[in-house]
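In: I'll drop the sequence and a predicted model, then ask my questions.
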Amino acid sequence: MMKPRIILDSKHLDITVTRLCYQLIEIHNDFSNTVIIGLQPRGIYLATRIHKKLQEILKKKDIKCGSLDTTFYRDDFRQKELVPNKTNIDFIIEGKNVILVDDVLFTGRTIRAGLDAMLAFGRPNDVELLVLIDRRLSRHLPIQAKYVGKTIDSITSEKVKVEWKETDGADKVTLLSND
Amino acid sequence: MTTLSTKHLLGIKDLTADDIHLILKTAENFKEVINRPIKKVPSLRDITIANLFFENSTRTKLSFELAEKRLSADVVNFSSASSSVKKGETLIDTVNNILAMKVDMVVMRHPNPGAAVFLSKHIEAKIINAGDGAHEHPTQALLDAFSIKEKLGSIKGKKIAIVGDILHSRVALSNIFCLQKLGAEVMVCGPTTLMPKYIHSLGVKVEHDLRKALEWCDVANMLRIQLERQEIKFFPSLREYTMLFGLNKELLDSLSKKIVVMHPGPINRGVEITSDVADSSQSIILEQVENGVAVRMAVLFLLAGRA
């Protein structure tokens, strides 16, 4: 039986997203040379949320935000049943600063595939990683996020579930464990 | 549904509607990939594919080869004209020799119906039928379905007329199976001599008047007259065939609605379809070719992903 424990509730998730936005603004100013790319399938909700909030804070309407699917770049597509999702990047990333966004950083394999997939669209100037939850003890690859919503210590058998109001009915992050 | 129900792609007849939907959905993703600045993904970099063409082909062969290369597979090509088949080697021997060189998938076109099915019973590798005689040409039917869906939004309930040499056409048979599984209505139209004897058992409408067929349909798929498969004369002259079953601009413009015109290629301009129709805004012939690469990438990707 999976026992759920709430890591972030709706209020704290909003505070965390707002903080991440201000951290981004601290470094990327008005986002004139920076773009946001959310990783499919679950990173796009966080990317959309951050994109919306940034536009509110900066009072700008032209911040670029896209989605990137990594299925064709994964090293495990023959071990798991994976369904490809839409990639939608209708802007140029050549010479831009790219912020890759995903909900949970676990083994780092999705990010590895995401980096490869992104390079098919050009050569960015600088790539940074933003995640909502960093499961810091589970990494298989030397990948770290620059912006982290919350760092948690968890074991492989546990599961982190990120839910969004738009698709799941409520904003919350829960840790499911087997004990 | 995330995997196909079959290990090989031998014909549309073996696929379920879910299989076809999965292939078409995956192909949408690959269409986006082939329109990127770098049109290549590394998915099949550990896979070797042999393209065995025992019959001439330009489009299908190029399309498969491009699809394979854009998935980063290693590709070996073989055409019977320059091979040991001419020295009397059997099909199984030829293929087993190629497989002994560690090939994972085989794409085969062969003049004999059932060649792909036969091979799949004797060979370990995954087989994709790229056309077997007058039997099936599954990837053509899939790319036709993809193109119709892209143009009209859906296939269910649409009316599709297949016009021309139904008797010798593997494209016709695969298209009939595919479109019916997706819920479309299918009509075949052509001279009685070019209709298979048991065509009614496939559940299609049969029409011998081109104008009536075109007035009925949303999409007209104009087939090529396969003179190379016709050992006897099936109609008095090409000129007469063109007059009765050729699509020209005058006829197209006189219809009460704008229909979509398709052709699997190669076109005999001025026979089954005139140049101004083939190049008109209602024709999606070149879209079919572009979609062919995306659909074949989807088929290769899904079959390779299957254990």
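Out: Thanks, I have the structure now. Residues are numbered from 1 along each chain as shown, chains lettered A, B, ... in the order given.
In: Give me the domain ranges for chain B.
Out: Annotated domains of chain B cover B:12-137+B:291-305, B:139-288 [automatic domain parsing].
In: would JSON lines of these with mean pLDDT, mean neighbour count and distance to A:Asp134 be doable?
Out: Glycine gets a C-beta too; all of them are placed from N, C-alpha and C. Listed next are the domains of chain B as JSON lines, based on pLDDT from 0 to 100; neighbours: other Cβ atoms under 10 Å in any protein chain shown; distance: least, Cβ to Cβ, whole Å:
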{"stretch": "domain B:12-137+B:291-305", "mean pLDDT": "90", "mean neighbour count": "19", "distance to A:Asp134": "27"}
{"stretch": "domain B:139-288", "mean pLDDT": "93", "mean neighbour count": "19", "distance to A:Asp134": "41"}
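In: nearest to chain A, of those?
Out: domain B:12-137+B:291-305 (3.7 Å; Cβ to the nearest Cβ).
In: does any part of the closest one sit near chain A?
Out: Yes. Part of domain B:12-137+B:291-305 sits near chain A under the criterion Cβ under 8 Å from any Cβ of the partner chain, namely B:26, B:29, B:32-33, B:36-38, B:40-43, B:71, B:301, B:304-305.
In: List just the nearest of those residues to A:Thr156.
Out: Of all the residues of domain B:12-137+B:291-305 next to chain A, B:Gly305 has the smallest distance to A:Thr156: 24.4 Å, by Cβ to Cβ.
In: From A:Asn85, how far out is the closest one?
Out: Distance of B:Gly305 to A:Asn85, given as Cβ to Cβ, to the nearest Å: 15 Å.
In: Repeat that for B:Ile232.
Out: From B:Ile232 to A:Asn85 the distance is 53 Å (Cβ to Cβ).
In: contacting residues for the residue lying farthest from the centre of chain B?
Out: Residue farthest from the centre of chain B, counting by Cα atoms, centre = their mean, is B:Lys87 at 30.3 Å. Not one residue lies near B:Lys87 by Cβ atoms under 8 Å, 6 or more residues apart in numbering or on different chains.
In: hmm, who's touching the host helix or strand of B:Ala161?
Out: If you go by DSSP states H and E, B:Ala161 is part of strand B:159-163. By Cβ under 8 Å, 6+ apart, the surrounding residues in contact with strand B:159-163 are B:148, B:169, B:172, B:175-176, B:179, B:184-190, B:207, B:210, B:213-214, B:216-223, B:245, B:247, B:272.
In: now for the helix or strand just after it, which elements pack on it?
Out: Next helix or strand after strand B:159-163 toward the C-terminus (DSSP H and E): helix B:170-181. The contact analysis (3 or more Cβ pairs under 8 Å, 6 or more residues apart in numbering or on different chains; DSSP states H and E) places helix B:170-181 against helix B:17-33, helix B:138-152, strand B:159-163, strand B:185-189.
In: and the angle from helix B:170-181 to strand B:185-189?
Out: Relative orientation of helix B:170-181 versus strand B:185-189 (axes from the mean of the first three to the mean of the last three Cα atoms, to 10 degrees): 150 degrees.
In: what's in contact with helix B:170-181?
Out: So helix B:170-181 is contacted by B:11-13, B:15-17, B:20, B:131-138, B:140-142, B:144-145, B:148, B:155, B:160, B:162, B:165-166, B:186, B:188, B:202-204, B:221, B:223, B:264 (Cβ under 8 Å, 6+ apart).
In: repeat that with 7 Å
Out: When contacts are defined by Cβ atoms under 7 Å, 6 or more residues apart in numbering or on different chains, helix B:170-181 is touched by residues B:11-13, B:17, B:20, B:131-138, B:140-142, B:144-145, B:155, B:160, B:162, B:166, B:186, B:188, B:202-204, B:221, B:223, B:264.
In: That's all I had, so thanks and see you.
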